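> missing the sequence, but the structure's below:
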C-alpha cells in the first residue's frame with residue numbers, strides 16, 4: 001500500500017484489498033493450488049492485512065479448489081490468545097471444506113513485536129512463547145475436552161474447544177522460517193516450512209537438505225508430518241520477454257524491497273541494502289535482467305517462466321509461491337496469473353490432489 005498510491009486516490013487502500021481478492025479468485029480458476037495471506041500489524045505501506053482470518057473467510061466462499069493458508073496466524077498470547085486461534089482455524093477448515101492451511105510464525109520484526117510486547121529487549125523472546133504454544137493446538141482440536149494448560153505465558157482450565165476441525169485430524173501445520181536454522185527445527189516438529197527468507201535458488205539447496213534430513217526423524221506436534229517446503233519469489237509473466245521486463249521495471253520492486261528490510265529487521269541484511277528511509281535504486285532493464293540471471297526473480301515469457309520454476313523444483317522446493325509486485329497494474333497481474341495457469345502449471349504439476357490433502361487423509 002505505497003504512499004504514492006494513497007496520495008492520488010483516497011480509496012487506494014480499499015481498492016488494493018479488493019484487487020487482492022480478485023487475484024486469488026483468478027488463481028483458483030487458473031489451477032493454482034495454494035494462496036497465502038499474511039498477518040501484519042502497524043506496517044504502514046508494507047502490509048495493511050491485519051485481519052487475515054476475516055479475509056480468508058471471504059475467500060473460502062469466493063473460491064472452490066485452491067487451498068487458503070495463514071501465512072501467518074500469530075499464535076503468541078500477547079497478540080492472539082491461542083484458544084481463539086484454534087477456534088478460527090477450525091472454523092475456516094469448515095467454511096473452506098477442508099481447504100485451510102495453518103501457518104504460524106513469530107511476527108515480522110521489532111516494530112510489530114514491540115507493539116504487543118513493549119517491555120521486551122530481545123526479539124528471540126518470541127521463540128519461547130511460540131515453543132510453549134505450538135504443540136497445544138492439536139490437543140485443542142483432537143481432545144473431546146481439552147485438558148487445559150498452565151504455562152509461563154498463558155493458561156486455560158479444561159474446556160471444550162469448539163468447533164472441532166472438519167474431516168480427518170486437523171489442517172496441515174506450517175512454520176514461517178526467518179532463518180536457515182529454523183528449517184531443521186520445523187522439520188523435527190513435523191511442520192511444513194513457509195520459506196519467506198530464501199532469496200535465490202542456490203540458497204535453497206542446502207537449506208532444504210537440512211529440513212529433509214530433520215523431517216525424516218520428526219516427532220510431529222500434530223497428528224501427521226507435513227513434509228513440505230514452500231518458497232516465495234517475485235513473478236511476472238507476459239507474452240514476450242521484453243514485455244515482462246518492461247512490467248518489472250515499472251513495478252516498484254525497489255520500494256517493496258526497501259520496505260521489507262525496514263520492517264523485517266530480524267532478517268539477515270544483505271550487503272548493500274540501505275537503512276530506511278534511504279531506498280534501493282529504482283530498477284532498470286539491466287538490473288531486472290541481472291536479477292533474472294541470478295535467479296532472484298521469475299520473469300519472462302511462459303517458456304522462460306516454466307524453466308525458472310523447474311529450477312526451483314530441482315532445488316527441492318515442494319511449493320513455489322508468487323509475490324506480485326505492488327506497482328504492476330491489475331491487468332498485467334491478472335495476465336501473469338492466467339498465463340502461468342495456462343502454460344506453466346499443467347506442465348510442472350500433474351498431480352490433481354493437493355500434497356497436504358494426501359498427508360492429512362493418510
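Thanks, I have the structure now. These numbers come from a predicted model, not from an experiment. Numbers count the residues shown, from 1 in each chain.
> contacts and neighbour counts: CA atoms only from here.
Fine.
> first vs last residue of stretch 184-202, how far apart are they?
End-to-end distance for stretch 184-202, by C-alpha to C-alpha, to the nearest Å: 18 Å.
> buried stuff in that stretch?
184-201 (16 or more other C-alpha atoms under 10 Å).
> Kindly report the same for stretch 271-287.
279-280, 283.
> could you pull out the strands for the stretch 51-200 of the chain?
With strands called from DSSP state E, counting those that start in this stretch, the stretch 51-200 of the chain shows them at 67-70, 100-104, 149-150, 155-156, 173-176, 192-195.
> And the stretch 201-350 of the chain, by the same measure?
All strands of the stretch 201-350 of the chain, identified by DSSP E, counting those that start in this stretch, fall at 229-237, 298-300, 319-323.
> most packed of the ones you listed?
Most buried of the strands of the stretch 201-350 of the chain, by mean neighbour count (mean count of other C-alpha atoms under 10 Å): strand 298-300, with a mean of 26.
> Let me have the strands of the stretch 201-350 of the chain in CSV, adding mean pLDDT as columns.
What follows is the strands of the stretch 201-350 of the chain, written out as CSV (pLDDT from 0 to 100):
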stretch, mean pLDDT
strand 229-237, 95
strand 298-300, 97
strand 319-323, 94
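> out of these, nearest to residue 119?
If you check each of the strands of the stretch 201-350 of the chain against residue 119 by C-alpha to C-alpha, strand 229-237 wins as the nearest, at 32.7 Å.
> about what we covered before: would CSV of the strands of the stretch 51-200 of the chain with mean pLDDT and distance to residue 210 be doable?
Below are those laid out as CSV (pLDDT from 0 to 100; distance: least, C-alpha to C-alpha, whole Å):
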stretch, mean pLDDT, distance to residue 210
strand 67-70, 98, 24
strand 100-104, 98, 20
strand 149-150, 98, 32
strand 155-156, 98, 34
strand 173-176, 97, 15
strand 192-195, 96, 12
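> Switch the ones you listed over to TSV; also include distance to residue 333.
Shown next, in TSV, are these (distance: least, C-alpha to C-alpha, whole Å):
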stretch	distance to residue 333
strand 67-70	19
strand 100-104	24
strand 149-150	46
strand 155-156	45
strand 173-176	25
strand 192-195	23
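> out of the ones you listed, nearest to residue 45?
strand 67-70 (20.1 Å).
> before we move on, back to that, mind checking which of the buried residues of stretch 271-287 are in helices?
Judged by DSSP state H, helices contain none of those.
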